[in-house]
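Q: curious how this folds, go ahead:
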Amino acid sequence: MSDSSPLPPVRLPAEAELARDALASPLLSRAVRLARWAGPGTRVGAGGELVEEQLPAAAAELGLSGVGTDDGEAAAYASEAWRIAVDTGLVEIVDEEEGTVTVGEELGVLTSGGPADILGLWLGALDSVLADASVPDLDDLVGAMEEGGEIDFSQLDWDPEAESEFLEGVLANLYLLTVAEGGAGDGPVPLPALAASMIVPDDMGEPTDDVLEQVSDAMMRLDDQFRLLDPVGLVEFQPVDEALMADIDEAAESVAEPVDDSDVSRYGMVRLTPLGLYGIRARMLEAGVDAPAVGDLVDKGADVLLDSTSAFPQAAAQAEIEQWVARREPLGAARELLAAARGADEGAPLRRLRCQQALSLVGAEAEPALREVLDDPELGGLARVWLAEHGFGDVPAPSEDLVFWLTVDTIAAQLSIEGNSDELQALVEGLAAQHSGFFAAAWRVDHPATPDVLEAMGRLHPDKRVAKEARKAAFKARSAAQ
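A: Just a heads-up that it's a prediction; the model follows:
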């Protein structure tokens, strides 16, 4: 990823559901079947690979023979599944010289382990597949083999570390595109766009021919790599249309110009599965990247909840808050939230907005907590709103000062979320239209964000006269604060 901005939280299914997905992934399920099939007569080579003469029997065990798969493909699938069985400990080598094997301890995880154990097994399989995906084509490797059996990497124009970092970067970008608000979500990402996200600089206007050629090369590499990553359940991948392979440069050019969706799909489409999101997040966490998931905050205090969700996209913040509130009794939750919402720091308005979100989910049992803060200058406004919305009587009318303070606080919160959005502009226009003397009173509001809010109103309001009034009021507020 291009910067160090915090990642949005990912919404993941329950571990039990993810574990079922892991066991159902074609590659791991085949590895399990071969581990159970292996017996005293099974033989492996020096590297732990299944000997060639036993591949047809392994393919038959997997149901790959005579079902539209030629013998070569069936043997390759069986060989790959066997290697995963060895790499993950489902099968263990007993005697390297004799080439004998036995059932591995990890096979017992499938019957005695919990979802986390199964997911750990799947992550091991993922590590192996990712390592394979970073290796050049076998024919290229054979061509670069020297007499002593060593590979001459200079002939391959291949840097193992750089290749691995490239694939990790691609998967990180795909993860971000999936979890970001306004991103791909559950939908697939076109392969040209994903390749371009790694190659084309953010500040480049029209891509040069050299850059487009690099995008084309990256697309072809990714097409090969995602074909390998699909069977392990990391992604769902629609490969590049074979008929377009000769004209793949056209796909790179499509990065710079709009194309019909049906045309783009022919150049490959990829999406991370829920299991894939889990896998990439697990690798990020292992690498020290802060990759939050919805539900991480259920055991934290309200102060952590409000601070953390302030940086979340709206949908993720709502989901996190819902889980937090569901774990607590209403009155105690309301008191904790209100205490955490206080403050005059820059982030306080947004904390209070998130507090309102959370309070909208608690029931009428929370009424005493809201009445306790009616006289609080920072919380009295939102308390009155909550009590009125829940139909409670005997709610004191707010003073004019409190109304203006709450207005400034609300706009400050919205500014930190939306910036100069159309919705905020409509709010600003409505306020100025409803209160003819709004700016004459607003600059006196004792709120740290008053000058910034008035400046923003001057920037957002389309009427030049009203905008000028707002800027004058902002100047007065800033001078009074000094």
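Q: in the one helix or strand S479 maps to, which residues are buried?
A: Counting by DSSP states H and E, the element that carries S479 is helix 464-481. Buried residues in helix 464-481, counting neighbours by 16 or more other CB atoms under 10 Å, are found at V466, A467, E469, A470, R471, A473, A474, K476, A477. Where C-beta positions appear, they are placed from N, C-alpha and C, glycine not excepted.
Q: run the chain-centre distance for it.
A: Distance of helix 464-481 from the chain centroid (CA atoms, centre = their mean, to the nearest Å) equals 41 Å.
Q: which other helices and strands does it contact?
A: The contact analysis (3 or more CB pairs under 8 Å, 6 or more residues apart in numbering; DSSP states H and E) places helix 464-481 against helix 438-442, helix 450-460.
Q: rerun that using 10 Å as the cut-off
A: Other helices and strands packing on helix 464-481, by 3 or more CB pairs under 10 Å, 6 or more residues apart in numbering; DSSP states H and E, are helix 422-434, helix 438-442, helix 450-460.
Q: just say helix, strand or coil for G39.
A: Following DSSP: H, G, I helix; E, B strand; the rest coil, the label given to G39 is coil.
Q: and for this structure, the residue most distant from the center?
A: No residue in the chain sits farther from the centre than E98, which is 46.9 Å out by CA atoms, centre = their mean.
Q: model confidence over whichever strand or helix holds D263, on average?
A: If you go by DSSP H and E, D263 is part of helix 261-265. On average, the pLDDT along helix 261-265 is 67.
Q: do stretch 304-324 as well
A: Averaged over stretch 304-324, pLDDT sits at 93.
Q: run a quick neighbour tally on the closest residue to E61 other than its chain neighbours.
A: Using CB to CB, 6 or more residues apart in numbering and skipping the chain neighbours, the partner closest in space to E61 is W37 (4.7 Å). Neighbourhood size, W37 [other CB atoms under 10 Å]: 16.
Q: so who does W37 touch?
A: The neighbours of W37, taking CB atoms under 10 Å, 6 or more residues apart in numbering as the test, are A57, A58, A60, E61, L62, W82, A85, V91.
Q: between those, which sits nearest L374?
A: Closest approach between those and L374, by CB to CB: A85, at 66.2 Å.
Q: what about whichever strand or helix holds that closest one, distance to the chain center?
A: Applying DSSP H and E as the criterion places A85 in helix 71-87. Distance, stretch centre to chain centre, for helix 71-87: 31 Å (CA atoms, centre = their mean).
Q: ditto for stretch 21-37
A: The chain centroid and the centroid of stretch 21-37 are separated by 27 Å under CA atoms, centre = their mean.
Q: could you give the mean pLDDT of that stretch?
A: pLDDT averaged over stretch 21-37 gives 97.
Q: by mean pLDDT, which helix or strand of this protein comes out lowest?
A: Lowest mean confidence among the helices and strands of the chain (mean pLDDT, DSSP states H and E): helix 138-143, at a mean of 49.
Q: buried residues in stretch 374-387?
A: Buried residues in stretch 374-387, counted by 16+ other CB under 10 Å: E378, L379, G380, G381, L382, A383, R384, V385, W386, L387.
Q: how close does the fourth one sit to G343?
A: When CB to CB, to the nearest Å is the yardstick, G381 and G343 sit 15 Å from each other.
Q: again, but for the first one
A: In this structure, E378 and G343 are 8 Å apart, going by CB to CB.
Q: okay, now the residue lying closest to R30 once chain neighbours are set aside: neighbour count?
A: Spatial nearest neighbour of R30, excluding adjacent residues (CB to CB, 6+ apart): A81 at 3.6 Å. A count of nearby residues for A81, using other CB under 10 Å, gives 28.
Q: from V235, how far out is A81?
A: When A81 is compared with V235 (using CB to CB), they lie 18 Å apart.
Q: do you know the pLDDT at G183?
A: Reading off the model, G183 has pLDDT 68.
Q: closest one of the buried residues of helix 464-481 to R43?
A: Of the buried residues of helix 464-481, the one sitting nearest to R43 (CB to CB) turns out to be A474, at 81.3 Å.
Q: which residues touch the closest one?
A: Contacts for A474 (CB under 10 Å, 6+ apart) come out as 439, 442-443, 450-459.
Q: going through those residues, which ones are buried?
A: Of the contacts of A474, these count as buried by 16+ other CB under 10 Å: F439, A442, W443, T450, P451, D452, V453, L454, E455, A456, M457, G458.
Q: please name the nearest non-neighbouring residue to the fourth one.
A: Among residues not flanking T450 along the chain, A477 sits closest, at 4.6 Å (CB to CB, 6+ apart).
Q: does that neighbour touch E455 like I think?
A: Yes - contact between A477 and E455 holds when scored by CB atoms under 10 Å: they sit 8.9 Å apart.
Q: in this structure the residue farthest from the centre of the chain contacts R43, no?
A: Yes - counting by CB under 10 Å, R43 is a contact partner of E98 at 8.0 Å.
Q: what is in contact with the two at once?
A: Common contacts of E98 and R43 (CB under 10 Å, 6+ apart): none found.
Q: what number of residues lie near the closest residue to Q225 other than its chain neighbours?
A: Take Q225 and drop its neighbours on the chain: the residue closest to it by CB to CB, 6+ apart is A133, 4.3 Å away. The tally of other residues near A133 (other CB under 10 Å) stands at 21.
Q: which residues touch A133?
A: Contacts of A133 (CB under 10 Å, 6+ apart): 163-164, 167, 171, 221-222, 224-229, 232, 234.
Q: now the residue nearest the centre of the chain: how far from Q323?
A: Centrality entry for the chain: nearest residue to the mean C-alpha point is V179, 3.3 Å, by CA atoms, centre = their mean. Per CB to CB, V179 is found 17 Å from Q323.
Q: so which of the contacts of A133 comes closest to L359?
A: L171 (38.9 Å).
Q: leaving out sequence neighbours, find the closest residue to that closest one.
A: In this structure, L171 finds its nearest non-sequential neighbour in I280, 5.4 Å apart by CB to CB, 6+ apart.
Q: list the contacts of that neighbour.
A: Shown in contact with I280 (CB under 10 Å, 6+ apart): 10, 126, 168, 171-172, 174-176, 178-179, 234-235, 272, 289, 291.
Q: one more time with 7 Å
A: By CB atoms under 7 Å, 6 or more residues apart in numbering, the contact list for I280 reads L171, Y175, L272.
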